[in-house]
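Visitor: no sequence for this one, just the structure:
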């Protein structure tokens with residue numbers, strides 16, 4: 001694998017993914033009982049926006065950067081911006097927090113995170129980031145295999161009934177990745193049926209996603225929700241036109257929480273032909 005998320009840190013896909021991620025975690029916190037998060041493709045946890053990789057692509061300039069300093073943003077977006085700012089205590093946006101850091105910032109003392117990263121250099125950076133946080137276990141291993149090894153979650157003798165499985169692969173195998181993702185989600189649900197599963201996916205040409213959505217519809221879940229942001233028409237397979245989050249067993253009223261963010265992001269980050277999507281693949285009782 002040659003993928004390095006540093007080249008894409010803070011882009012429009014990260015913005016959508018992390019707004020949804022934090023909305024799910026906030027929903028989990030409504031109950032006092034602890035929750036567990038498995039992040040299967042965690043990366044290094046923090047990315048320097050002025051670093052060589054991020055500076056080379058400049059993708060944050062069409063993602064997080066236009067959002068900073070804006071007033072009158074939707075609550076769910078404001079919550080995300082506060083979380084990004086909390087990872088930059090110097091008062092300037094120097095680094096972008098990845099999903100494991102955003103998750104850890106939001107967790108309570110009783111909650112736990114298992115963050116998996118296969119690439120040795122990235123895994124070493126992740127371990128250094130959480131070296132002093134006993135709530136976080138970093139695993140230098142394949143995230144798909146971790147689904148079988150770490151679920152259902154039990155840490156220090158404590159079983160976790162509630163939680164989240166975040167699957168955010170680089171899709172280096174492109175469309176061949178989708179069946180692997182679907183199988184991993186099936187295994188996760190077989191081992192931990194009550195878990196919420198959140199899957200990030202790229203949108204280049206939407207028609208290529210239909211077989212993946214059909215596989216998701218066949219999974220044993222109460223409901224499944226799709227949230228998408230396209231910053232341009234999905235008419236090219238050569239670039240990332242947008243992305244989506246498929247949330248299986250979503251927390252109650254998650255759709256209402258994230259709905260205001262989508263038209264705001266379309267207006268703020270979108271080019272001509274930008275669009276959003278928020279719809280149920282399956283809905284309990286529907």
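Guide: Cool, got the structure. Everything numeric here is computed off the predicted structure, so don't read it as measured data.
Visitor: quick one: the strands in the stretch 51-200 of the chain?
Guide: With DSSP state E, counting those that start in this stretch applied, the stretch 51-200 of the chain shows strands at 95-97, 112-116, 136-139, 154-155, 158-159, 162-167, 196-203, listed in chain order.
Visitor: low-scoring stretches of this protein, by residue?
Guide: 1-4, 51-57, 238, 285-286 (pLDDT under 70).
Visitor: In stretch 9-26, which residues are buried?
Guide: 9-25 (16 or more other CB atoms under 10 Å). (C-beta placed from N, C-alpha, C; glycine too.)
Visitor: Would you check how far apart residue 195 and residue 186 are?
Guide: Using CB to CB, to the nearest Å, residue 195 is found at 12 Å from residue 186.
Visitor: Which helix runs longest in the chain?
Guide: Ranked by residue count, the top helix of the chain under DSSP state H comes out as helix 12-28.
Visitor: Determine the angle, from 0 to 180 degrees, between that one and strand 196-203.
Guide: When axes from the mean of the first three to the mean of the last three CA atoms, to 10 degrees is applied, the directions of helix 12-28 and strand 196-203 differ by 170 degrees.
Visitor: Now the element after helix 12-28, going C-ward?
Guide: strand 35-39 (DSSP states H and E).
Visitor: contacts for that next one?
Guide: Contact partners of strand 35-39, identified using CB atoms under 8 Å, 6 or more residues apart in numbering, comprise 25, 28-29, 99-100, 103, 107, 111-116, 143, 146-147, 150-151, 153, 155, 160, 162-166, 168, 188.
Visitor: could you redo the last one with a cut-off of 7 Å?
Guide: Residues from elsewhere that reach strand 35-39 (CB atoms under 7 Å, 6 or more residues apart in numbering): 28, 99-100, 103, 111-116, 146, 150-151, 153, 160, 162-166.
Visitor: Tell me the buried residues within the residues you listed.
Guide: 28, 99-100, 103, 111-116, 146, 150-151, 153, 160, 162-166.
Visitor: quick one on the thing from earlier: can you tell me which helices and strands the longest helix of the chain packs against?
Guide: helix 75-86, helix 99-106, strand 162-167, strand 196-203, strand 224-230, strand 242-248, helix 254-258, helix 261-269 (3 or more CB pairs under 7 Å, 6 or more residues apart in numbering; DSSP states H and E).
Visitor: Sheet-wise, list the partners of the fourth one with their directions.
Guide: Strand 196-203 sits in its sheet next to strand 162-167 (parallel), strand 242-248 (antiparallel), going by DSSP bridges.
Visitor: Just give me how far the last one sits from the chain centre.
Guide: Centre-to-centre, strand 242-248 and its host chain are 9 Å apart (CA atoms, centre = their mean, to the nearest Å).
Visitor: Compute the inter-axis angle for it and helix 261-269.
Guide: Computed by the same axes, to 10 degrees, the angle between strand 242-248 and helix 261-269 is 170 degrees.
Visitor: Strand 242-248 versus strand 224-230: what angle between them?
Guide: Going by the same axes, to 10 degrees, strand 242-248 makes 170 degrees with strand 224-230.
Visitor: thinking again about what came up before, contacts made by the longest helix of the chain with the rest, please.
Guide: 35, 62-64, 67, 76-77, 79-80, 83, 99, 102-103, 106, 162, 164, 166, 168, 196, 198, 200, 227, 229, 231, 240, 243, 245, 247, 251, 254, 257-258, 261, 265, 269.
Visitor: try it again with 6 Å
Guide: With contacts defined as CB atoms under 6 Å, 6 or more residues apart in numbering, helix 12-28 is touched by 35, 62-63, 76, 79-80, 83, 99, 102, 106, 164, 200, 227, 229, 231, 243, 245, 251, 257-258, 261, 269.
Visitor: my guess is residue 166 meets residue 197, correct?
Guide: No. The criterion here is CB atoms under 6 Å, and residue 166 misses it with residue 197 at 8.1 Å.
Visitor: any idea how far residue 235 lies from residue 69?
Guide: Applying CB to CB to residue 235 and residue 69 gives a distance of 32 Å.
Visitor: Looking at the two, which is more packed in?
Guide: residue 235 (11 against 8; other CB atoms under 10 Å).
Visitor: For that one, give its distance to residue 197.
Guide: Residue 235 is 30 Å from residue 197, by CB to CB.
Visitor: what pairs with the nearest residue in space to residue 203 that is not next to it in sequence across the strands?
Guide: Distances taken as CB to CB, 6 or more residues apart in numbering place residue 242 nearest to residue 203, at 4.2 Å, with adjacent residues excluded. Beta-bridge partners for residue 242, by DSSP bridges, are residue 203, residue 230.
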